[in-house]
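# coordinates for the following, if possible.
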Amino acid sequence: MSQHAIIRGEVCFRAGDGVMMPIPPGPVEIEVADDSVTLGWTANHTAGSTAITRDEYERYVAEGKIRVDKE
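Residues are numbered from 1 along each chain as shown. Next up is the predicted model:
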């Protein structure tokens, strides 16, 4: 079941073996699994998505960079 969240700080992901890329500020949908979290967003009429580790996700939430909507 997906949840909604807001990116409110520098949240990055690694594109393949490349450099770290920022997720644009704004709304995202998240899917939480046991060991990873998938984030999906739309920016400039382009959809994006990535998976980050659960540890990274929890750190971003603790730092206030990802704010999960309380439903």
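# what's the burial count for the closest residue to residue 11 other than its chain neighbours?
In space, and not counting its chain neighbours, residue 11 is closest to residue 23: 4.7 Å by CB to CB, 6 or more residues apart in numbering. For every residue, glycine as well, the C-beta is placed using N, CA and C. Residues within reach of residue 23, counting by other CB atoms under 10 Å, total 23.
# what's the answer for residue 47, then?
Residue 47, neighbours per other CB under 10 Å, totals 8.
# measure it to residue 3 for me?
Distance from residue 47 to residue 3, counting by CB to CB, to the nearest Å: 18 Å.
# check contacts around the residue nearest to residue 11.
By CB atoms under 8 Å, 6 or more residues apart in numbering, the contact list for residue 23 reads 7, 11, 12, 13, 39, 41, 48, 50.
# go on, residue 55?
Taking CB under 8 Å, 6+ apart, we find residue 55 in contact with no residue.
# just the buried residues of the helix or strand hosting it, please?
Residue 55 is part of helix 54-62, with elements assigned from DSSP states H and E. For helix 54-62, the neighbour count (16 or more other CB atoms under 10 Å) marks 56, 57, 60 as buried.
# distance to residue 31 added to those, as a markdown table?
Output for these, formatted as a markdown table (distance: CB to CB, whole Å):
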| residue | distance to residue 31 |
| --- | --- |
| 56 | 15 |
| 57 | 11 |
| 60 | 15 |
